[in-house]
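Engineer: fold the following, please.
(one chain, ligands or ions: 1)
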Amino acid sequence: MDVKKIYMDADALLEGHFKLSSGNHSQFYLQSAKVLEDPKTAKLLADALAKQIKESGLEVDTVCAPALGGLIAGFALATALDVRSIFAERVDAEMTIRRGFEIKKGEKVLMCEDIITTGGSAMEAAKVVKELGGEIVGVAALANRGFCKREHSDIETKPNCKLPQDIPFFALADFTFEMYAPDACPLCKDGSEAIKPGSRGN
Ligand code: ZN
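Structural biologist: Numbering: from 1, shown residues only. The predicted model follows:
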């Protein structure tokens, strides 16, 4: 499956000068919502990801996604795996699980994001799941930004990866473009201004 082509065909691989949620700058931005606006494409991607997970033999009771970014991917993946779908959300910057969602002691939870960059949000949500008694059995994403090692890829874990090394990370592709600290950004040096994706119609 050519995930990069799917993102490009959906105009979801943006080129410009972007300020990422981490504060870093990048020439590219992946707008997964644009890919997932077509439910057929969402299903296609989730089915491929579910196939990889099933083939690994991993047992999953529930998929948990951090809102908002992971919501659609998480729901589509849970549908493909035929398991429960829940989400975590930020309230005053603090990740929480609300909406009456319950987690049984020892429940096997797979965290799901649209894209894993360093895995920070996924691990914040995972912490809450664990506090409620769940067991984090793995992490899944449509695509990997190349900082964490996923199954079936040669990319090595970088120091800023926040995913634990003792559980598997499944993704369909690696998108390994550069990120820059604002004071070291070549695009800023060229005089352009970084924009927050979503702020100007993108
Ligand atoms: Zn910049």
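Engineer: every contact and neighbour count from this point should use C-alpha atoms.
Structural biologist: Noted.
Engineer: close to the ion: what parts of this protein are there?
Structural biologist: Residues of the chain lying near the ion by C-alpha under 5 Å from the ion: 25, 185, 187, 188.
Engineer: please name the residues that touch the first one.
Structural biologist: This means residue 25. 17, 18, 19, 179, 180, 181, 182, 185, 194 (C-alpha atoms under 8 Å, 6 or more residues apart in numbering).
Engineer: dump those into TSV; add secondary structure as well.
Structural biologist: TSV is the format used below for the contacts of residue 25 (DSSP: H, G, I helix; E, B strand; the rest coil):
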residue	secondary structure
17	strand
18	strand
19	strand
179	strand
180	strand
181	coil
182	helix
185	coil
194	coil
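Engineer: next step: the residues of the chain next to the ion restricted to helices.
Structural biologist: Counting by DSSP state H, the residues of the chain next to the ion place 187, 188 in helices.
Engineer: need the residues of the chain next to the ion in CSV with distance to residue 53 and pLDDT, can you?
Structural biologist: Below are the residues of the chain next to the ion laid out as CSV (distance: C-alpha to C-alpha, whole Å; pLDDT from 0 to 100):
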residue, distance to residue 53, pLDDT
25, 32, 95
185, 37, 97
187, 38, 97
188, 40, 97
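Engineer: tell me the one of the residues of the chain next to the ion nearest residue 52?
Structural biologist: residue 25 (31.8 Å; C-alpha to C-alpha).
Engineer: which of the residues of the chain next to the ion are buried, as a ChimeraX select command?
Structural biologist: Of those, the buried ones go into a single ChimeraX selection, burial set by 16 or more other C-alpha atoms under 10 Å:
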select :25,185,187
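Engineer: going by distance to residue 57, which of the contacts of residue 25 wins?
Structural biologist: residue 179 (34.3 Å).
Engineer: excluding chain neighbours, what is closest to that closest one?
Structural biologist: residue 26 (4.8 Å; C-alpha to C-alpha, 6 or more residues apart in numbering).
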